[in-house]
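**Q** Take this sequence and fold it.
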Amino acid sequence: MDDKIMYRYRLLCRIVMEAATPLAVGSGQKSIFTDATVARDANGLPYIPGSSIAGVIRHALKSFPDLKHWMGYQNKTDGEGSRLAVTDARILRSSGVPADGLIPDAKDDPLLSHYLGKRLPIRQHVRLTHRGAADSRGKFDEEVVPKGTRFCFEMELLADGLNASGDAKDPEHLMKEILRCIQSDSFRLGGGTRSGFGAMKIVSIGARIIDLENPEDRNEYLNKSSRLDREWDGFRKCETKEEAADGFIRYTLHITPDDFMFFGSGFGNKRADMTYVSEPAVTWESGTGTFEEKEKLILIPASSVKGALSHRTAYYYNKLEKKFADGKDGNTPMKPEQLLEITGSRNTAVRTLFGCEGDGHGKNKARGKAIFSDVIIEKPSVAHDKILNHVSIDRFTGGAINGALFDEETLFAKGAAFTLKILVGKEAADEPHVLEAFEKALDDVCSGLLPLGGATGRGNGTFTGNGKKE
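**A** Below you'll find the model as predicted:
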């Protein structure tokens with residue numbers, strides 16, 4: 001009789017991570033308040049399904065040799081299950097302990113109470129046409145988990161042996177690659193990862209290799225609880241370090257508003273008909289989480305920056321390709337149907353960098369090669385709210401149009417410093433003029449020629465600064 005233990009070695013990891021930007025792990029459902037709600041567990045608390053984490057890891061390691069041996073496969077004749085098991089990622093209480101299992105007193109926790117019985121932030125989106133106006137069918141919104149929310153999950157990799165070869169058959173090598181992957185600056189979870197959401201920061205990593213033929217290891221393993229809120233003392237703390245993912249060009253913009261900035265919330269309040277967007281966040285100090293109200297923070301949505309850069313990049317790309325609507329440089333003036341081929345997502349630079357939604361039937365979709373991140377910072381002392389009154393003028397009489405008085409609450413933030421970080425896949429350089437057009441658009445932001453946000457025609461959103469390429 002063969003007494004050999006199958007999968008003798010177990011490589012265990014426990015990871016605590018923090019949302020560096022808001023997180024949009026969708027439930028696939030909508031509610032009366034939003035078009036897309038976040039996934040919630042039995043307690044009504046946000047969580048990240050383990051299948052989502054495993055899927056992102058598998059995609060990130062797609063070039064790893066013989067990956068199907070470790071993460072499973074299925075075809076018409078046979079298949080094999082994954083040797084990597086990933087738990088759901090559970091939200092952390094204010095004390096830093098994962099909220100696992102049924103928690104009847106969750107509403108009494110000073111941090112978890114903000115996720116229960118209250119609406120999480122809802123981010124408004126609108127798709128713009130090539131004319132710079134809102135698309136008639138392009139308005140939607142989605143619920144997000146605030147920046148700073150922490151989650152905990154565990155992984156277990158099953159292995160028959162430890163060969164320390166450092167190749168595809170070495171389980172320790174694979175686990176190191178997985179940890180490097182989740183600590184890279186390109187690691188994103190959930191939806192909207194190209195539009196500012198889902199950036200994660202690793203807070204702590206605990207690891208351990210168990211040999212089931214070793215009685216001491218086996219007893220420790222058998223005494224380990226599957227519940228995340230019962231931390232196992234068998235883990236050994238590992239060093240955490242953000243890794244620069246291969247295959248990306250990094251752009252960093254340091255910009256400052258010239259005066260007013262306005263990224264619209266889509267809502268009004270008691271003071272104004274239109275207000276600038278702001279969201280709450282969670283801060284951690286000495287292992288204790290605190291919910292910071294949105295009034296204390298400033299938000300620059302990455303989707304707003306992405307939209308402005310998309311249109312300006314298309315302009316520069318067409319200029320470099322000498323594609324002009326009026327037939328400049330001896331070309332024949334374009335017909336309306338020809339104009340559509342060089343604007344919006346049909347523009348080669350836009351499709352390459354920012355992606356394409358396809359034809360509406362699931363075909364010709366393309367994922368963008370540029371990754372943006374939301375900017376959420378504490379409101380500096382130099383920033384102040386300012387309500388501006390407006391009235392629409394009758395062009396014939398020169399007087400005010402009846403019922404056309406409105407006002408907006410903007411943010412005067414001259415002197416405030418913002419840092420925008422953008423990752424672009426190096427394969428974007430394979431298309432001529434694409435990166436050149438994109439970099440010209442970035443230069444326009446830094447020189448004040450490309451305003452960001454809303455109401456730019458009324459003087460808002462002019463920034464100046466400098467950029468760096470790595």
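
**Q** Tell me which helix or strand the closest residue in space to Leu309 that isn't next to it in sequence sits in.
**A** In space, not counting the residues next to it along the chain, Leu309 is nearest to Ala441; the distance is 5.0 Å by CB to CB, 6 or more residues apart in numbering. Placement of C-beta: from N, CA and C, glycine included. Here Ala441, judged by DSSP states H and E, is contained in helix 434-447.

**Q** low pLDDT regions in the chain?
**A** Flagging of the chain using pLDDT under 70 yields the residue ranges 1-4, 117-118, 128-138, 164-168, 328-330, 359-362.

**Q** tell me the domain ranges of it?
**A** Split into domains by automatic domain parsing, the chain comes to 9-238, 248-469.

**Q** Report the secondary structure state of Glu295.
**A** helix (DSSP: H, G, I helix; E, B strand; the rest coil).

**Q** Adding mean neighbour count, write the domains of the chain out as a markdown table.
**A** Shown next, in a markdown table, are the domains of the chain (neighbours: other CB atoms under 10 Å):
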| stretch | mean neighbour count |
| --- | --- |
| domain 9-238 | 17 |
| domain 248-469 | 17 |
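
**Q** Which residues does Glu156 form beta bridges with?
**A** Leu12, Ala85 (DSSP bridges).

**Q** can you tell me how far it sits from Val277?
**A** Using CB to CB, to the nearest Å, Glu156 is found at 41 Å from Val277.

**Q** And Tyr251, by the same measure?
**A** Separation of Tyr251 from Val277 (CB to CB): 23 Å.

**Q** repeat for Asp35
**A** The value you get for Asp35 to Val277, if CB to CB is used, is 17 Å.

**Q** just Ser82 next, same as before
**A** From Ser82 across to Val277, the span is 40 Å (CB to CB).

**Q** Over to Ala366?
**A** Counting by CB to CB, the gap from Ala366 to Val277 is 28 Å.

**Q** just Ala207 next, same as before
**A** The gap separating Ala207 from Val277 is 40 Å, by CB to CB.

**Q** got it, and Ala441?
**A** 23 Å.

**Q** Spell out, range by range, the helices that occur in the stretch 301-450 of the chain.
**A** Ranges of helices in the stretch 301-450 of the chain, per DSSP state H, counting those that start in this stretch, are 302-320, 336-340, 348-354, 434-447.

**Q** Relative to Glu295, which of the ones you listed is closest?
**A** Closest to Glu295 of these is helix 302-320 (CB to CB; 20.2 Å).

**Q** name the helices or strands packed onto that closest one?
**A** On a contact count with 3 or more CB pairs under 8 Å, 6 or more residues apart in numbering; DSSP states H and E, helix 302-320 meets strand 122-128, helix 348-354, strand 370-372, helix 434-447.

**Q** Those into a markdown table, with extra columns for distance to Leu423?
**A** Formatted as a markdown table, the helices and strands packed on helix 302-320 follow (distance: least, CB to CB, whole Å):
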| stretch | distance to Leu423 |
| --- | --- |
| strand 122-128 | 21 |
| helix 348-354 | 11 |
| strand 370-372 | 4 |
| helix 434-447 | 12 |
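
**Q** Mind checking the ones you listed for the one nearest to Ile182?
**A** strand 370-372 (15.6 Å).

**Q** quick one, strands of the stretch 201-350 of the chain?
**A** Taking DSSP state E, counting those that start in this stretch, the strands of the stretch 201-350 of the chain run over residues 236-238, 248-257, 260-261, 274-275, 281-285, 288-292, 297-300.

**Q** so can I have a markdown table of the ones you listed showing distance to Phe412?
**A** Converted to a markdown table, the strands of the stretch 201-350 of the chain look like this (distance: least, CB to CB, whole Å):
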| stretch | distance to Phe412 |
| --- | --- |
| strand 236-238 | 45 |
| strand 248-257 | 8 |
| strand 260-261 | 6 |
| strand 274-275 | 14 |
| strand 281-285 | 22 |
| strand 288-292 | 22 |
| strand 297-300 | 12 |
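
**Q** out of those strands, nearest to Thr193?
**A** Nearest to Thr193, of all those, is strand 248-257, at 13.5 Å by CB to CB.

**Q** picking up where we left off before, and Leu450, which of the strands of the stretch 201-350 of the chain is closest to it?
**A** Leu450 sits nearest to strand 248-257 of all those, at 10.7 Å, using CB to CB.

**Q** Thanks again, I'm all set now.
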